[in-house]
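[1] attaching a predicted model along with its sequence, questions to come.
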Amino acid sequence: MATDKDKHLECVLLSHKMTHEEKLLKKHRNRRTDIREFLQKHYSTNIHNPFDSGSYAKNTAVNKKFDFDLVVPFKRDAHNTLKDMYDDIYAVISEEFQEEADVRPQKVSVGLVFHQDDEGHQVNVDVVPGRELNQGQYLDDRKLNLYVRNTFGVFEEGSDRLRTNVNAQIDNIRSRMESGEIRKMIRLMKVWKINHHQPLKSFLIELITIKAFEKEEVQGSVWEKLKMVLEFIEDQIRTISLPDPGNSGNDVSDTLTSIEKSMIVQNIRNLLDRIDEDNEMIKFYFPINEDFPCEEDTQGKYKIREEGVIIPPPVRFG
Amino acid sequence: MSVLRYYCKDIDLRLQIEQMKIDFMLKESRKHYPKEYGGILIGRYSIDHNSAIITDVIFPTKYQNTKTSFVRGSESLEEKLTIEFNKDPSIFYLGEWHTHPNSGTNPSPIDKSTLVFLADHPEVKIENPIMLIIGFTKNSYECGFYVIQDKSIYRYDEDFNI
């Protein structure tokens, strides 16, 4: 039987729902709270209130691979340089959590991968240190400078160019996804990214998908909308500018090198051509999370096979 | 306007109907006493499809009835349903109703097999047709609402929690 692409994609979305992983989510929340409380105690008045960011905060997460992000806003005079800030928090976190987690330096964050527990759960929390622009200014403008530890797209190692307002990023993404349709597309794009190891940052996926909806008449079924988003990315990724809502001076498309952009264009073309040739290929590019197979939810719902006027046949009762 | 609400706990489905519609069916049915009578239920589903809202009933133009049977014809139903659909496209066929004069609301074996027949019928595009049985005597009446899912028939209870 031919694959119904829309039905399959709806199932992909269902199988990747975060609510399937409530237990794991709770463990993430608890770990994040532990880290937050530890950092607040350790840095005391040298930081402003740490806060959550990342996909979960923006409701665009998928359950196959997710982590929690914790942004730690340092006061301007807490360290001499951004590098000092980064090195310090990395050392502090390593010392405190090395027994229970692998602590590793990442592009702009410190990653904590907690050891697998008895239930096979592994908690990932990224701590993103940022420094306010001037002493006390964060409370007014929420702007932070991030330390770029290693080459990040076109951002050079040791660069302090990554100035941003993470609060504004979260608010922006949330407010522009009210329809739910954009969120669906973002989550499907993430499923592709995770399963096919695309170098796209989640934040870039969010911004470019929102842009696709702004620029194009994205209409029709789930597949038709997804196809239009993919075609938009294919056409635009090489040249598009994606200003960071937290700092219009940052272009989020700069997180990809031109080689990575070309690779993504080629991969999207392959994906579209293969699915065009054979509907079944949609299962390869957008697989269902087999841990949570999509069972049609019949409970609590009247079902209609088809809309329209229903003419019931003659019947007999006794 | 008094609205009666029913809940089928087994499969978490709800339905509602105005008391005046029940009164209307009963009034017409009494004219046929002691024979059975019936017709179809029309209405809509709530947005989340958890609740069936019965908005009206249609009496058949052609039927055969005895004290223990009721056969509803389908003549003129298309016309009547199309009129309702054109007035409000959210309205469609929800199921059937018939009476059990001098009897209770338990479905007979024929009632049960008819509900299965309707749910499986290719022209009936809803998968969970509802069946209302009104058991009545000269001085009293009782309503029994049933629904079918996956070939099993379930009864709704009156929902007093809302």
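    Cool, the structure landed.

[2] buried stuff in stretch B:72-92?
    Buried residues in stretch B:72-92, counted by 16 or more other C-beta atoms under 10 Å in any protein chain shown: B:72, B:74, B:77, B:80-81, B:84-85, B:91-92. In this view, the C-beta of every residue, glycine as well, is placed from N, C-alpha and C.

[3] do me a favour and get the end-to-end distance for it?
    One end of stretch B:72-92 to the other measures 18 Å (C-alpha to C-alpha, to the nearest Å).

[4] mind listing the strands for the chain?
    No chain specified, so I'll use chain A. A:51-53, A:68-74, A:101-105, A:110-114, A:124-132, A:144-146, A:163-164, A:243-244, A:247-251, A:315-317 (DSSP state E).

[5] that's the wrong chain, I meant chain B
    B:3-8, B:13-18, B:38-45, B:51-58, B:63-65, B:70-72, B:92-101, B:130-136, B:141-149, B:152-155, B:157-158.

[6] where are the low-confidence patches of chain A?
    The model of chain A has pLDDT under 70 over residues A:1-3, A:19-20, A:54-59, A:64, A:150-179, A:246-249, A:295-298, A:306-309.

[7] in the longest helix seen in it, what counts as buried?
    Counting by DSSP state H, the longest helix found in chain A is helix A:22-43. By 16+ other C-beta under 10 Å, the buried positions in helix A:22-43 come out as A:24-25, A:27-28, A:31-32, A:35-36, A:39, A:43.

[8] least confident secondary structure element in chain B?
    The weakest-scoring helix or strand in chain B, judged by mean pLDDT, DSSP states H and E, is helix B:77-87 (a mean of 85).

[9] what helices or strands is that one leaning on?
    Judged by 3 or more C-beta pairs under 8 Å, 6 or more residues apart in numbering or on different chains; DSSP states H and E, helix B:77-87 is in contact with strand B:38-45, strand B:51-58, strand B:92-101.

[10] out of those, indicate the one that is most buried.
    strand B:92-101 (a mean of 25; mean count of other C-beta atoms under 10 Å in any protein chain shown).

[11] off-centre distance for that one?
    Distance, stretch centre to chain centre, for strand B:92-101: 3 Å (C-alpha atoms, centre = their mean, to the nearest Å).

[12] same check on stretch A:187-205?
    The answer for stretch A:187-205 is 8 Å, by C-alpha atoms, centre = their mean.

[13] okay, how far is it across it, tip to tip?
    Span of stretch A:187-205 from end to end, C-alpha to C-alpha: 9 Å.

[14] which parts of that stretch are buried?
    Neighbour count says stretch A:187-205 has A:187-194, A:198-205 buried, by 16+ other C-beta under 10 Å.

[15] farthest pair within those?
    Of all pairs drawn from the buried residues of stretch A:187-205, the greatest distance, 18.5 Å, lies between A:187 and A:199 (C-beta to C-beta).

[16] tally of neighbours for residue A:211?
    Using other C-beta atoms under 10 Å in any protein chain shown, residue A:211 has 18 other residues around it.

[17] would you quantify the distance from it to residue A:51?
    Residue A:211 sits 26 Å away from residue A:51, going by C-beta to C-beta, to the nearest Å.

[18] over to residue A:185?
    Residue A:185 is 26 Å from residue A:51, by C-beta to C-beta.

[19] the more surrounded of the two?
    Taking other C-beta under 10 Å, residue A:185 and residue A:51 do not tie; residue A:185 has more neighbours (26 against 16).

[20] isn't the more buried one up against residue A:225?
    Yes: at 6.1 Å, residue A:185 counts as touching residue A:225 under the criterion of C-beta atoms under 8 Å.
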